[in-house]
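no sequence for this one, just the structure:
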């Protein structure tokens, strides 16, 4: 029965068909909680997003859901509203659920929790920034913000503009600060006037 239900195990077509007929007749549904107890891990991927109002993050979640479905898994989605305390609480919930993997945009304040999850076997991926602290199960996918700022500056100066105004919500955010540094470095490569940096 176990081999027949797993579908991946090798057994004859007739033996595979018998338990599947019983499953259909009894409307049986496998117990994911029981399976998780034996595997010591759920089959879900935790996706912890800073702000689901952002179109960028919506597309990211859609892609994660699509790939998880293909792999026979599901996602456990949470929105932190960019609050560190909410991030910490929700990371704790995902740790308790023993998610198989974690995709997160959480800030560096909670890297200790992510490393703890990684030490227990969860593969973790941090998005939009470099992951803090080395761990073999902690990875990151992010933009080289300084290089992006420099590239943007070179492009604008290449269009014949002589001054650039950088309008940003906060230079205290690491990504925005690095991009502004990149713009400055791009300006230094030209004879353009100094840039103007304003905080919105």
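Received it, and whenever you're ready, just let me know what you need. Bear in mind that the values here come from a model prediction, so they are computed numbers and not experimental data. Numbers count the residues shown, from 1 in each chain.

so what touches stretch 120-139?
By Cβ atoms under 8 Å, 6 or more residues apart in numbering, the residues outside stretch 120-139 that reach it are 40-41, 46, 60, 95, 98-108, 111, 114-115, 117-119, 140-143, 174-175. C-beta: built from backbone N, CA, C; applies to glycine.

can you say which of those are buried?
Among the contacts of stretch 120-139, those buried by neighbour count (16 or more other Cβ atoms under 10 Å) are 41, 46, 60, 95, 98-107, 111, 114-115, 117-118, 175.

strands - which of the residues you listed land there?
46, 101-104 (DSSP state E).

what's the weakest-modelled helix or strand in the protein?
For the chain, using mean pLDDT, DSSP states H and E, the weakest element among its helices and strands is helix 32-39, scoring a mean of 50.

for the most centrally placed residue in the chain, give me the pLDDT.
Taking Cα atoms, centre = their mean, the centroid of the chain lies closest to residue 103, which sits 2.9 Å from it. What the model reports as pLDDT for residue 103 is 95.

what residues of whichever strand or helix holds residue 154 count as buried?
Assigned by DSSP states H and E, residue 154 falls within helix 145-158. Buried positions in helix 145-158, judged by neighbour count with 16+ other Cβ under 10 Å: 145-146, 149-150, 152-154, 156-157.

export these to JSON lines and tack on pLDDT?
Below are the buried residues of helix 145-158 laid out as JSON lines (pLDDT from 0 to 100):
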{"residue": "145", "pLDDT": "89"}
{"residue": "146", "pLDDT": "90"}
{"residue": "149", "pLDDT": "89"}
{"residue": "150", "pLDDT": "90"}
{"residue": "152", "pLDDT": "89"}
{"residue": "153", "pLDDT": "88"}
{"residue": "154", "pLDDT": "87"}
{"residue": "156", "pLDDT": "89"}
{"residue": "157", "pLDDT": "86"}
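
quick check, residue 190 in contact with residue 157.
Yes: if you go by Cβ atoms under 8 Å, residue 190 and residue 157 touch, sitting 4.9 Å apart.

against residue 162, how distant is residue 66?
For residue 66, the distance to residue 162 equals 45 Å [Cβ to Cβ, to the nearest Å].

scratch that, residue 48 is what I was asking about
43 Å.

mind checking which of the two has more residues around it?
residue 48 (25 against 10; other Cβ atoms under 10 Å).
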